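Enquirer: here is a sequence with its predicted model. Questions after.
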Amino acid sequence: MPVLTRGAAARLDAVSVSEDVNSLCLRESVSGRAGAVWVVRGNEDAYSGASKAQTEKPNVDHVLEVQLVENVLVRTFNAQHARCGSMATAQAGELIRQAVNATSNLNVTSSKINQAKRGPFTAAMNRLQSDKLRSISMEQLVRQGKNGWMLDGTWQRISAEVVRSYESIEDALVGSGVDALPGAEKLVEGAVEELSRQMGVLGFV
């Protein structure tokens, strides 16, 4: 069973931690959805432009990283003094989980690109966790890291897809007409607002 990422779990207020903490876990196994994602993407890797046949060691990737959205959800959970195990928290987690794992937030790419993309996001998350380091754009982190080769145009395409995925997640969660509990609706709306803020800090919007 997927568990809450360590970074997000570390941010949980001590009083909030319980055996139900994984209700805040957003990751689902998506490797079996490659066929559906290829169809949605027109049999093309959105990051490289490579065709399905040209993509070596294909991986199904969350475009907007799950670790970022989990971090956002936990920040909002803490700020609202929400409770693990409550119906509102469970419903909010499920709504966000569905949006994050939808095919609109998935892409099939090569293992090489998938691994290279993860590095800058991990570095960015480490900075966001501390709340002490100055903000730095994702592109700067790519430039400073060992995967600077992505600045050949790959990172620009990744960035564009991240923004599109953020917009699709926002559309799915805000004003979607889902009959949610008031507490769940408040938690979802707060998470979307925090995600928007974090996207700005990372230089995406």
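Expert: Here it is on my side, so go on. Numbers count the residues shown, from 1 in each chain.
Enquirer: ok, residue 170 to residue 70 distance?
Expert: For residue 170, the distance to residue 70 (Cβ to Cβ, to the nearest Å) stands at 17 Å. In short, each C-beta sits where N, CA and C put it, glycine included.
Enquirer: the two: who's more crowded?
Expert: Taking other Cβ atoms under 10 Å, residue 170 and residue 70 do not tie; residue 70 has more neighbours (26 against 16).
Enquirer: so the spatially most distant residue from the centre of the chain: helix, strand or coil?
Expert: The centre of the chain is farthest from one residue, residue 53, which by Cα atoms, centre = their mean lies 27.1 Å away. Secondary structure assignment for residue 53 (DSSP: H, G, I helix; E, B strand; the rest coil): coil.
Enquirer: numbering from 478 from now on, please.
Expert: In the new numbering, first residue 478, that becomes residue 530.
Enquirer: ok, now which ones touch residue 568?
Expert: Counting by Cβ atoms under 8 Å, 6 or more residues apart in numbering, residue 568 touches 657-658, 661.
Enquirer: ok, it to residue 659 distance?
Expert: Per Cβ to Cβ, residue 568 is found 10 Å from residue 659.
Enquirer: residue 596 touches residue 622, doesn't it?
Expert: Yes: using Cβ atoms under 8 Å, residue 596 is in contact with residue 622, at 5.4 Å.
Enquirer: contacts only, for the closest residue to residue 541 other than its chain neighbours.
Expert: In this structure, residue 541 finds its nearest non-sequential neighbour in residue 642, 4.3 Å apart by Cβ to Cβ, 6 or more residues apart in numbering. Taking Cβ under 8 Å, 6+ apart, we find residue 642 in contact with 540-541, 581-582.
Enquirer: what touches both of residue 596 and residue 622?
Expert: By Cβ under 8 Å, 6+ apart, residue 596 and residue 622 have no common neighbours.
Enquirer: so who does residue 591 touch?
Expert: 536, 538.
Enquirer: quick one: what helix or strand has it in it?
Expert: helix 588-607 (DSSP states H and E).
Enquirer: quick one: residue 570 and residue 617, what's the gap?
Expert: Plainly put, residue 570 is 32 Å away from residue 617 if you go by Cβ to Cβ.
Enquirer: so between these two, which is more surrounded?
Expert: When residue 570 and residue 617 are compared for neighbours, residue 570 comes out ahead with 24 against 14, by other Cβ under 10 Å.
Enquirer: would you agree that one is in contact with residue 500?
Expert: Yes: counting by Cβ under 8 Å, residue 570 touches residue 500, with 5.1 Å between them.
Enquirer: quick one: the helices in the chain, in order.
Expert: Here the chain has its helices, by DSSP state H, at 483-488, 511-517, 543-556, 564-577, 588-607, 615-621, 631-650, 659-678.
Enquirer: can you tell me which of these comes nearest to residue 523?
Expert: Closest of these to residue 523 is helix 631-650, at 5.0 Å (criterion: Cβ to Cβ).
Enquirer: so for the closest one, what gets flagged as buried?
Expert: Using 16 or more other Cβ atoms under 10 Å as the test for burial, helix 631-650 gives 631-632, 634-636, 638-639, 642-643, 645-647, 649-650.
Enquirer: much appreciated, bye for now.
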